[in-house]
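Student: with the sequence up front, the predicted model follows.
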Amino acid sequence: LLRWNEVRYRKKGLPPGTMGWPVFGETTEFLKQGPSFMKNQRLRFGSFFKSHILGSPTIVSMDPELNRYILLNESKGLVPGYPQSMLDILGKCNIAAVHGSTHKYMRGALLSIISPTMIRDQILPKLDEFMSAQLSNWDDKIIDIQEKTKEMVFLLSLKQIASIKSSSTIADSFKTEYFNLVLGTISLPINLPGTNYHRGFQARKNIVSILSQLLKERRASNETHKDMLGYLMEREENKYKLSDEEIIDQVITLMYSGYETVSTTSMMAVKYLHDHPKALEELRKEHLAIRERKKPNEPIDSNDLKSMKFTRAVIFETTRLATIVNGVLRKTTQDMELNGYLIPKGWRIYVYTREINYDPFLYPDPLTFNPWRWMDKSLESQNYILIFGSGTRLCPGKELGITEISTFLHHLVTRYRWEEVGGNKLMKFPRVQAPNGLHMRFSSF
Ligand code: HEM
C-alpha cells in the first residue's frame, strides 16, 4: 500500500517527499513526532517537500523566502486552505472562506471595529475595567492560569462584542455552545451524533440563533449600542453594510480568532515570567512607573500603552518561544508552478513558520527567553517573521491582542507575585497547552 501510494503521487514535477498510507498519509507521524517529523523530512528532502497530512496531499514549505512569497501572493491562486470542519462551523461568510473583493470588504468591516482609534477610544477603557475586576481577589489563591485565561478571553469577547456581562445567563448559555464550537473546528468533518463535528455544528446553529435573537431585539428597541455588534449593525454611518448572516459570521470569527491565541500567549507569559525573575522585575518596573504617574485605580490610557515597550517585547518573545502558531494553511486554486515545481490544483500548502522562531541567526541563543532582543524595534518588522502572518491576511487583531495581553499583565504585575504549584506538564505541539492545567499560587504585592 505504501509503495502504491508513492507511485500514485509520482507525478512529474512534484517536489520530493513521501506520501505515507492511502487516506491517512503521514498524519500520525506528523502529530506524534511533531516538529521532529518536519525537521527529519527537511533533512531528507530540503525545505520544500510533499507529504499527505490532515486529510490532504500537502506541500510543506519551510523556506523563509518562499513562505513570504506564498503569503504575499493570494491573488495568484494561493487562498486559505483551512480544514472543511473549520469552514463549515465558522460559516460561509467567515473571513477565511472568502477571497478577492469579498475578503477585502469583510476585512475592511472587521478592521473598522478594531482599528487603533477604536482601541484607544472604545476598547481600552472597557478592557481596563474588565481586567481590573477579573484580577481582584486572587490573593492567596491557587489558580489554574490556563483555565482562567481561557475564561477571561471568552468573557472579554462577549463584553466587547455585545456588552454581555460575565454574570448573565446569556453568557452561561453562550459558554457551553462556544466551547463545543471550538472543538468542532478541529475535528474530522463526520456529521454523526456523538462526534465533535456534529456537536460543533449544533453549537454553531445555537449560537446563530442566540445572535439572531439579539439582532432582532436591538433593532426593535431602537437603542444605540457602543459595542462591536452595535457598530456592525449601524447601517447609516458605517461604510460597510453587512447582512445579518455576514454580521453573525464576523462575530463568530472575532471570538474564534482571538480566543486561543490571546489566552495561550497570556498563560505562557505568566509561566515564562515566573521562570525568569529578571524579566519579571524589568516588566514590573515599567508598570509601576505607569502607576506612579496615576491616581489609585485610574485606568490606563493609550499613552500608557505606548510606553509599554518592554511589555510588548515580552509578548513577542512569548509568542516566539512558545510558538503559539505553527504555521498557516493555503490551497492552490489552479495548477501552478512554485519554486520550480508543479503543484496540482487543490493541494494544500502548509506554510510552516515554526522553525524560523528558533533560527540562531535571527535570534541568537534561540531557546532562551530573552525579551530584550525585541527592544530593537526593527526585529518586529523583519521580513521572515510571520508570528502574525503577512500580506493580505496579516492578523487584523494584532494590536488588539497585544493591547489585551498588555492590560492583563499590567494588572497582574502591579498587584501580585506568583509561585508555580506542583510540576505542571506543558505540551508545545500540535498546540501549546498544559494537559492538567497550569497552577499558580498568587499573593498580593
Ligand atoms: C497573540 C495573538 C495572535 C496571534 C499570534 C495571531 C496570529 C495570526 C496569524 C498568524 C494569522 C494569519 C492567518 C493566515 O494567514 O491564514 C492571523 C489572522 C487572523 N487573526 Fe490573528 N492572531 C492573534 C490575535 C488575534 C485577535 C485578538 C483577533 C481578533 C480580533 C485575531 C483575528 C484574526 C483574523 C480575523 C485573522 C484572519 C485575517 C484574514 O484572513 O484576513 N487575531 N492571526
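Tutor: Nice, I can see it. Numbers count the residues shown, from 1 in each chain.

Student: pLDDT score for the one residue in the stretch 1-150 of the chain that gets nearest to the ligand?
Tutor: Of all residues in the stretch 1-150 of the chain, Ile95 sits closest to the ligand, at 4.3 Å by CB to the nearest ligand atom. C-betas here are computed from N, CA, C, even on glycine. You'll see Ile95 listed with a pLDDT of 95.

Student: equivalent analysis for Asn424, please.
Tutor: Taking Asn424 on its own, its pLDDT is 89.

Student: how much space separates it from Val270?
Tutor: Distance, Asn424 to Val270, using CB to CB, to the nearest Å: 11 Å.

Student: go on, Gly77?
Tutor: 42 Å.

Student: cool, and Glu260?
Tutor: Using CB to CB, which is the criterion applied here, Glu260 is 16 Å from Val270.

Student: what does Thr117 give?
Tutor: Separation of Thr117 from Val270 (CB to CB): 30 Å.

Student: who's more crowded, those two?
Tutor: Val270 (26 against 10; other CB atoms under 10 Å).

Student: which residues in the stretch 51-200 of the chain form strands?
Tutor: Under the criterion DSSP state E, counting those that start in this stretch, strands of the stretch 51-200 of the chain are mapped to 56-61, 78-80, 141-144.

Student: isn't Asn191 right up against Tyr197?
Tutor: Yes. Using CB atoms under 8 Å, Asn191 is in contact with Tyr197, at 6.0 Å.

Student: these two: who's more crowded?
Tutor: Per other CB under 10 Å, whichever of Asn191 and Tyr197 has more neighbours is Tyr197, with 22 against 12.

Student: for this protein, which residues are neighbours of the ligand?
Tutor: 80, 95-96, 107, 110, 114, 253-254, 257-258, 261-262, 265, 319, 324-325, 328, 387-389, 393, 395-397, 400-401 (CB under 6 Å from any ligand atom).

Student: list the residues that contact the residue nearest to the spatial centre of the chain.
Tutor: With distances taken as CA atoms, centre = their mean, Thr261 lies nearest the centre of the chain, 3.3 Å away. Thr261 makes contacts with 324-325, 397, 401, as judged by CB atoms under 8 Å, 6 or more residues apart in numbering.

Student: please, which helix or strand holds it?
Tutor: helix 259-275 (DSSP states H and E).

Student: in that helix, what counts as buried?
Tutor: By neighbour count with 16 or more other CB atoms under 10 Å, helix 259-275 contains the buried residues 259-274.

Student: with stretch 126-137 instead?
Tutor: Buried residues in stretch 126-137 (16+ other CB under 10 Å): 126-128, 130-132, 134-135.

Student: among those, which are in helices?
Tutor: Judged by DSSP state H, the buried residues of stretch 126-137 include 126-128, 130-132, 134 as members of helices.

Student: need the helices for the stretch 1-150 of the chain, in chain order.
Tutor: Remark: helices assigned in the stretch 1-150 of the chain by DSSP state H, counting those that start in this stretch are 2-8, 27-33, 35-45, 64-72, 84-90, 100-113, 116-118, 124-134, 145-162.

Student: send me the longest one as CSV with only the CA atoms.
Tutor: When you say that, I think you mean helix 145-162. The C-alpha trace of helix 145-162 is given here as CSV (Å, rounded to 0.1, in the frame of the first residue of the first chain):
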residue,chain,number,x,y,z
ILE,A,145,-4.0,30.0,34.9
GLN,A,146,-4.7,28.1,31.7
GLU,A,147,-8.4,27.7,32.6
LYS,A,148,-8.5,31.3,33.9
THR,A,149,-7.0,33.0,30.8
LYS,A,150,-9.3,31.0,28.5
GLU,A,151,-12.4,32.0,30.6
MET,A,152,-11.3,35.6,30.7
VAL,A,153,-10.7,35.9,27.0
PHE,A,154,-14.0,34.4,26.3
LEU,A,155,-15.9,36.7,28.7
LEU,A,156,-14.0,39.7,27.4
SER,A,157,-15.0,39.0,23.8
LEU,A,158,-18.7,38.8,24.9
LYS,A,159,-18.3,42.1,26.6
GLN,A,160,-16.5,43.8,23.7
ILE,A,161,-18.9,42.4,21.1
ALA,A,162,-22.3,42.7,22.7
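
Student: other SSEs contacting that helix?
Tutor: For helix 145-162, the packing partners by 3 or more CB pairs under 8 Å, 6 or more residues apart in numbering; DSSP states H and E come out as helix 124-134, helix 169-185, helix 228-233, helix 244-257, helix 259-275, helix 398-415.
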